[in-house]
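A.B. asks: Show me how the following folds:
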Amino acid sequence: MTTRTRGTGETPVPLNVSHLRHGYAVLLGLLVSLAGAHGQSAFSGQDAAHSFSGQFIVSSAGDGALFFQDQAATNRQIVRLEPALLAVAAERFKISLWRQLGLDSAAPWSGKIFLVLHPARSLDETVNIASDPFLNRWNYRVELPDVLARPRYARALSAVLLLEIANRTAAANGRPAEIPAWLVDGLAQQVLAADGEKVVLSAPAKKTAGQPASRLDQTERGFDPLASARRVLQNFPALTFDQLSWPTDAQEAGADGGAYFASAQLFLHELLALKNGPARLRAMLAALPDHLNWQTAFLDAFREDFQRPLDVEKWWALRVVNFAARDPGPRWTAAASRARLEALLSVPVEFRSASNALPAHAEISLQAALQDLSAAQRELVLRTKLRDLALVELRLAPPFGELAGGYRAALADFLGGHKTPAPASVTNKHRSTMKRHASIADTLKKLDALDRRRREAGFRPAILLPVNSNLVVP
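C.D. replies: Residues are numbered from 1 along each chain as shown. Alright, predicted model coming up:
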């Protein structure tokens, strides 16, 4: 019996994970399928190429794709795979990923990984991962099109390698590991940033003077591995921890300008920078088969830093602000600053005018959010706004940066009890630690005064809904 569950993906990047367990669906952050398989022989292929360690066995189920030669030749994001090259690249990818997690390259591995190539039918074809218990270990079969996008290639290898690590202590009849999407994608992006030209070996897609030729873009070492993430997050807000935990289809497809992938890489980078960060991530992976969901394994492994998801969110907000403050990028124009600040000061909601009415989409002001949202919704919305205002303040043209600082200070006064996320600016007048919570009434007065200044600067007012409307933050 086979069941399918919708998960995370990159342009759509479904990965199917097969497991002998009445169709139990394992979320890898990609499209997941669970099916039964029996024995190592089911994964074997003829004329296979073996990696140096013997963990990877690569075979081809066809003569190779002919449809995407031009894209593979001209587009660096398209990879053309061949068994011999993939055996080398996969081994290098494993070593780089292990290095990120603090594992020695000579450390023993458990499950074998069979990589099976087939002629690509499209550039967004499904990548399937099947897991199969064999004696006292798990083996894995990864079915890959021989032409695919570079991020999808990295995601597939990251996912199967993390599964192999997590399932080393899992019983054959036990629960399979559930790998969070941010961990799969964060590590994939880290490996590409650190060792991209070593771990992606694309077969020549054209001939020059009768000889096979490939494009090679050599990147010098010693660069900032977060450079790409930094460029993205200068123009797009980083995802919250909740959004990273449950990314939307658009974010998974890269339709958000790459903000999800940049956020996942930065989140992983900051976790690794914590005290014993790599060891804690390894402990989390080892514990995954024993937990019903990855969140409990994550909080257990990082319990010295986080007691609850809100603690993660607060820590992450400060890390994002500090990261952006080191290189905020050039200032926006007055028109762009006005539009960006206006967007930040509205809250998207769904509301019902009657109990039996269909939900409608609208935007409300911060004042309406203070009065109409539940305490939990209000906390999440205002902390996100606080972080985003701090991120853009240094890039907004005067007087919009000063207005953003005023709104940020008002929200920090209301939330209280923590250090206000603030950009590293000697001219910032709102850098302070709030000792107490301001009342809703006082905060509304501050926001109203700031709104009057906004109107003088030519802003249009936010939409205000009746207080008794049934509001839900999407």
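A.B. asks: can you give me the strands in the stretch 151-300 of the chain?
C.D. replies: 206-208, 211-213 (DSSP state E, counting those that start in this stretch).
A.B. asks: Point out where the chain drops to low pLDDT.
C.D. replies: 1-46, 63-75, 204-223, 353, 417-436, 457-474 (pLDDT under 70).
A.B. asks: In space, not sequence, find me the middle residue of it.
C.D. replies: The structure's the chain has its C-alpha centroid closest to residue 264; by CA atoms, centre = their mean the separation is 3.2 Å.
A.B. asks: Contacts only, for that residue.
C.D. replies: 181-182, 185-186, 189, 239, 244 (CB atoms under 8 Å, 6 or more residues apart in numbering). For every residue, glycine as well, the C-beta is placed using N, CA and C.
A.B. asks: Most neighbours among those residues, which one?
C.D. replies: residue 185 (30 neighbours; other CB atoms under 10 Å).
A.B. asks: Would you mind measuring from the closest residue to that residue other than its chain neighbours to residue 197?
C.D. replies: Distances taken as CB to CB, 6 or more residues apart in numbering put residue 264 closest to residue 185, at 4.4 Å, once the chain neighbours are dropped. Per CB to CB, to the nearest Å, residue 264 is found 22 Å from residue 197.
A.B. asks: Next: residue 142.
C.D. replies: Counting by CB to CB, the gap from residue 142 to residue 197 is 22 Å.
A.B. asks: more crowded one of the two?
C.D. replies: residue 142 (24 against 12).
A.B. asks: Assumed the more buried one was part of a strand.
C.D. replies: Yes. Counting by DSSP: H, G, I helix; E, B strand; the rest coil, residue 142 is found in a strand.
A.B. asks: give me every residue that touches it.
C.D. replies: Counting by CB under 8 Å, 6+ apart, residue 142 has contacts 113-116, 127-130, 156-157, 160.
A.B. asks: Now do the end-to-end distance for stretch 371-379.
C.D. replies: One end of stretch 371-379 sits 12 Å from the other (CA to CA, to the nearest Å).
A.B. asks: And that stretch, what's buried?
C.D. replies: Using 16 or more other CB atoms under 10 Å as the test for burial, stretch 371-379 gives 372-373, 377-378.
A.B. asks: Show me how far it is from its chain's centre.
C.D. replies: With CA atoms, centre = their mean, to the nearest Å as the basis, stretch 371-379 stands 26 Å off its chain's centre.
A.B. asks: With stretch 264-284 instead?
C.D. replies: Worked out by CA atoms, centre = their mean, stretch 264-284 lies 14 Å from the chain centre.
A.B. asks: Buried residues of it, list them for me.
C.D. replies: Quick answer for stretch 264-284 (16+ other CB under 10 Å): 264-272, 277-278, 280-282, 284.
A.B. asks: Now do the residue nearest to the centre of the chain against residue 141, distance only.
C.D. replies: 26 Å.
A.B. asks: and residue 115, which of the three is it?
C.D. replies: strand.
A.B. asks: so how far is residue 154 from the nearest residue to it once chain neighbours are set aside?
C.D. replies: Of all residues not flanking residue 115 in the chain, residue 58 sits nearest, at 4.5 Å (CB to CB, 6+ apart). Per CB to CB, residue 58 is found 16 Å from residue 154.
A.B. asks: Ok, residue 340 next?
C.D. replies: Relative to residue 154, and taking CB to CB, residue 340 is found at 32 Å.
A.B. asks: which one of the two has more residues nearby?
C.D. replies: residue 154 (25 against 20).
A.B. asks: Leaving out chain neighbours, which residue sits closest to the more buried one?
C.D. replies: residue 188 (4.0 Å).
A.B. asks: could you check the distance from that neighbour over to residue 273?
C.D. replies: On the measure of CB to CB, residue 188 and residue 273 end up 19 Å apart.
A.B. asks: how deep is the closest residue to residue 50 other than its chain neighbours tucked in, by neighbour count?
C.D. replies: Sequence neighbours aside, residue 57 is the residue nearest to residue 50 in space, at 5.7 Å (criterion: CB to CB, 6+ apart). Using other CB under 10 Å, residue 57 is surrounded by 22 other residues.
A.B. asks: just how off-centre is stretch 298-307 within its chain?
C.D. replies: Mean-position distance between stretch 298-307 and its chain equals 20 Å (CA atoms, centre = their mean).
A.B. asks: Let me fix that, I meant to ask about stretch 317-327.
C.D. replies: 17 Å.
A.B. asks: Quick check: buried residues in it?
C.D. replies: Result for stretch 317-327 [16+ other CB under 10 Å]: buried residues 317-321, 323-325.
A.B. asks: Ends of stretch 171-184, what's the gap?
C.D. replies: 22 Å.
A.B. asks: try stretch 233-244
C.D. replies: Stretch 233-244: ends 14 Å apart by CA to CA.
A.B. asks: Wait, a helix at residue 58?
C.D. replies: No. Applying three-state DSSP, one finds residue 58 to be strand, outside a helix.
A.B. asks: what are the bridge partners for it, then?
C.D. replies: residue 49, residue 115 (DSSP bridges).
A.B. asks: Distance check, it against residue 267.
C.D. replies: Applying CB to CB to residue 58 and residue 267 gives a distance of 32 Å.
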